[in-house]
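Trainee: build the 3D model from these lines:
(2 chains)
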Amino acid sequence: MSGTFVGMPAFPEAAREAVGNPTLRGNLRHATHTIRAKRAKAVAELSDWAALREAGKRIKDHTLRQLDRYLVQLEESVTAAGGTVHWAADADEANRIVTRLVKETGESEVVKVKSMATQEIGLNEALEAEGIRAYETDLAELIVQLGDDRPSHILVPAIHRNRGEIRDIFRAEMSEWGRPAPEGLTDTPAELAEAARLHLREKFLRARVGISGANFMVAETGTLVVVESEGNGRMCLTLPETLISVVGIEKIVPTWRDLEVFLQTLPRSSTAERMNPYTSTWTGTTDGDGPRTFHLVLLDNGRTDTLADEVGRQALRCIRCSACLNVCPVYERAGGHAYGSVYPGPIGAILSPQLRGTQSEIDASLPYASSLCGACYEVCPVAIDIPEVLVHLRERIVEGGPVTREGNKVVLKPAKGHAAERAAMRAARWAFGRPGVLRTGQRLASRTRRFHPRTLPGPGKAWSGTRDLPAVPAEPFRDWWQRTRGTIGEGGAK
Amino acid sequence: MSSRERILGRVRRALADVPQDDPSYAEAVARDYLREHGDRSVAETVELLAENLADYRALVHRCGAGELPSMVARLLADRKAATVLVPPGLEESWLAETDVTRVPDRGESTAHELDRVDSVVTACAIAVAETGTIVLDGGPDQGRRRITLVPDHHICVVRVPDQVVSSVPQALERLDPRRPLTWISGPSATSDIELDRVEGVHGPRTLEVILVG
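Mentor: Next up, the predicted model:
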C-alpha cells in the first residue's frame, strides 16, 4: 500500500492520543451513533435481510474461489465493449499506468470520484510528483484534501471534523485550489455544501480526464458500477473525454443479476438509505454519451496474498459499506487515524495487515485493535467473520508460520514483543493439562486474594495498564461445586 | 512475464486449496431472498413509489395523460425557467403548452452550455417503488446522461403503472446492462457534514417526478 501512512505509530500509541482528544471523540460518537440507529431501521424494512446477506456472502465467496476465470471473463467483456484493460501487480505499477494514461491525453489535471483503491495506492501523490493535479470531488474527500489531512472513515472520510472545523478549512484553503469560499461563509451544512458546489463546478465543467474506482464489476457483461450520493461521481464519469477506473480485483461479481443483492444491501448498510441518490453503471464506452476512452486498471497490491490465506481471504468479500466501523466500540473511541491505513475500523484491522503484511509495527498491532465483541460481524452485509480473522492473525503474529507475500510463500517468524504472551500461553497449556496443578494454583490464588496487586509487574504491566485485573473469587469454582453438589465423578464427569 | 500473467498466476497458486469440482455458480449461489417485499396491488405499488420518492425529497405530481402538457408547463413556469433541455426523442406533446425556449440535446454542446440551461424534461426507463428510484437508460426520450445532471432542475415523467416495478430484482431484470444507466433516488444529497443530510450538492437540487396515467 501507499507510503501515506509510513511512520505511523502502533495502534495502542496512536489510539491513546486519539482517546485524549475530546473534540474527536465527540464528533465520532455523534456520527457513529446517528448512523447505526438509522441503519438498523433501514435493514429492518427488509424481511429477507438474512437471506440477502447469505446470498451476498455466497456470491462473493464463489467469485473469489474462481477468481482467475472471472478476471479473464471480465477482461474479455470490457474489451469487447470498447474499454482497455490494464493489470497492476502493486501500487507503483498502478500509479505508473495511470500517470502514463493521463500524460497521453496531454492534460495536467484530473477530477476524481472518491475511491478507496486510489487512496490505497497513493495515486494523488504519485500524480502530483509528475506534475498532475488531482482534484477530489466528494465533499468529504475535498475537506480532507483541503485540510491536508488523512481520511478517517471509509464512507465519510471527514467524519472526525465538525462543521466549525470544516468552515475554517474552506475559508483558509479553498482559494489555494481555485474558487475561494464565499464571503461570510457560516458553518451550516447547507452553506458548506453550496460552497463546495461552487468551488468544484468550475473543475467539473473543464475536466477532460476523470479517475474513479468502482463498487462492482460484472464479469458477464463488463459493466462497472459506482454508487454515490452527491452527483460528483456522475460528473466525473460522464463529462470528461477519458475515464480511468482503478479497481481491486476482488470487486468482481459474476452476473448482472448479482447486483440485485448488493444494490439492496450496500445502501442500507452504508448510508442507511433504501437507495443512495445516484448509481451509475457503464459498459465500455457509448457512442455520443460519456467518455470516448475508457481504461480499467485491475489492481492486485496484496489481494492475491490475502486470497492465499484460507481463513483470511473472506476479508476480500468486503463491499466497503463501513457498517462495521459505525458499531465498533474501539473505532468510536480511537478514531480512524489510529489504524494507520485508508481502511480503518474492524475491516481495516483484518484487511491492512493482510494486504501489507505484518512486518511493520502498526500492521502487527492491528489484529489487537479490537475487543472481539462481534458487533462488526453482526452488521456485515456479506457476513465477514471479522473476529475469527482477527484471532487467526493474532495467532500468526505470535506464533509465526507460512504466509504468502507478493506471490511467494514465506515463513513468518514469531513476532518480537510477544514473548510474555507466548510464555503465558505455554504455562496455561501446561497447567490445564495437569488438573492437580491447576487446582492447587486456584486455591492458592483464592487464599491470597487480599494481597493481589492492582496492576501486574514486569511484562504484564502493559496489559494491566489499560484494564482492571479480574477479581479472584473467595473459593475456586471446582471446590464450590464439590462442596455444594457432592463428589467429583457424579453427573457423568469422567 | 507480464503483470497479467503474474497476477493470474498468483491467483491460481492462492487457490490451490479449491477442489476441481468446486460447486458451480448455480449451485453455490442461493437465492432464497424475495423477488419483492410485501403483497401489493398495482395501485398500491404506484402509491408506494410516490411515498418513497417524496420521502427522499423528490417533488411528486400525479396527472392523467391529457393533463401532462399543462402540468409540465406549470412546473416550468413555477420555476421561472427560461430554457429547457429536450432529449431528441421526447414526445412532442409534453411540451406543447409551454413557450419556454427549447435547447436540444446535442453532442457538441459543451458542459458550460448545459450549465446555463434552467431545466430539463425527460422520460425514464423504469421506476422502482420499494426504493423510490427512477432509472434512466439513455434512450431517445431521456437523452445523454449529462443533460439530467448539469441543469439544476429535472422534471422526469413516469408512465404508471407500466413503467413501475416493485423491487430492485425486478428492475435489473428489465434493464439492459449494455446501455449506460443512471439510477436516481431523490435529488443530489450529502451527509458528509456531521451526517446531517443536505439536499443539493452537484446534481440537480430539485427533482420533480410526474406520475402519468
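
Trainee: ranges for the strands of chain B?
Mentor: Shown for chain B, the strands assigned by DSSP state E span residues B:59-63, B:83-86, B:101-104, B:119-122, B:126-128, B:133-136, B:153-159, B:164-165, B:181-184, B:189-190, B:198-199, B:206-212.

Trainee: can I get those strands in JSON lines including distance to chain A and mean neighbour count?
Mentor: The C-beta positions use only the backbone N, C-alpha and C, and glycine is treated the same way. Below are the strands of chain B laid out as JSON lines (distance: least, C-beta to the nearest C-beta, whole Å; neighbours: other C-beta atoms under 10 Å in any protein chain shown):
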{"stretch": "strand B:59-63", "distance to chain A": "15", "mean neighbour count": "16"}
{"stretch": "strand B:83-86", "distance to chain A": "14", "mean neighbour count": "22"}
{"stretch": "strand B:101-104", "distance to chain A": "13", "mean neighbour count": "14"}
{"stretch": "strand B:119-122", "distance to chain A": "13", "mean neighbour count": "27"}
{"stretch": "strand B:126-128", "distance to chain A": "8", "mean neighbour count": "26"}
{"stretch": "strand B:133-136", "distance to chain A": "5", "mean neighbour count": "27"}
{"stretch": "strand B:153-159", "distance to chain A": "11", "mean neighbour count": "23"}
{"stretch": "strand B:164-165", "distance to chain A": "11", "mean neighbour count": "23"}
{"stretch": "strand B:181-184", "distance to chain A": "4", "mean neighbour count": "26"}
{"stretch": "strand B:189-190", "distance to chain A": "5", "mean neighbour count": "27"}
{"stretch": "strand B:198-199", "distance to chain A": "5", "mean neighbour count": "20"}
{"stretch": "strand B:206-212", "distance to chain A": "9", "mean neighbour count": "22"}
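
Trainee: looking at the ones you listed, which is closest to A:Lys112?
Mentor: strand B:189-190 (16.3 Å; C-beta to C-beta).

Trainee: read off the pLDDT value for A:Gly82.
Mentor: Confidence per residue is given as pLDDT, and for A:Gly82 that number is 98.

Trainee: can you tell me which helix in chain B is longest?
Mentor: Using DSSP state H to define each element, chain B has its longest helix at helix B:42-55.

Trainee: and the residue of chain B closest to chain A?
Mentor: B:Gly203 (2.8 Å; C-beta to the nearest C-beta).

Trainee: mind listing what that residue touches?
Mentor: A:Glu230, A:Gly231, A:Arg234, A:Pro277, A:Tyr278, B:Leu149, B:Pro187, B:Ser188 (C-beta atoms under 8 Å, 6 or more residues apart in numbering or on different chains).

Trainee: spatially nearest residue to it, not counting backbone neighbours?
Mentor: Excluding the flanking residues, the one nearest B:Gly203 by C-beta to C-beta, 6 or more residues apart in numbering or on different chains is A:Gly231, at 2.8 Å.

Trainee: now swap in B:Leu53 and tell me
Mentor: Across the structure, with C-beta to C-beta, 6+ apart as the measure, the residue nearest B:Leu53 apart from its sequence neighbours is B:Gly132 (4.4 Å).

Trainee: for B:Leu49, give its distance to A:Glu191.
Mentor: 33 Å (C-beta to C-beta, to the nearest Å).

Trainee: let me fix that: A:Leu456
Mentor: Summarising the geometry, the distance separating A:Leu456 from A:Glu191, computed by C-beta to C-beta, is 53 Å.

Trainee: now A:Ala207
Mentor: The spacing between A:Ala207 and A:Glu191, counted by C-beta to C-beta, is 25 Å.

Trainee: neighbour count winner among these two?
Mentor: Counting neighbours by other C-beta atoms under 10 Å in any protein chain shown for A:Ala207 and for A:Glu191 shows that A:Ala207 has the greater number, 24 against 18.

Trainee: the more buried one reaches A:Leu239, doesn't it?
Mentor: Yes: between A:Ala207 and A:Leu239 there is a contact at 6.3 Å, judged by C-beta atoms under 8 Å.

Trainee: tell me how far the ends of stretch A:262-276 are from each other?
Mentor: In stretch A:262-276, first residue to last residue: 12 Å (C-alpha to C-alpha, to the nearest Å).

Trainee: over to stretch A:456-463?
Mentor: Length of stretch A:456-463, first residue to last, C-alpha to C-alpha: 8 Å.

Trainee: pull out the buried residues from it.
Mentor: Applying a neighbour-count criterion of 16 or more other C-beta atoms under 10 Å in any protein chain shown, the buried positions in stretch A:456-463 are A:Leu456.
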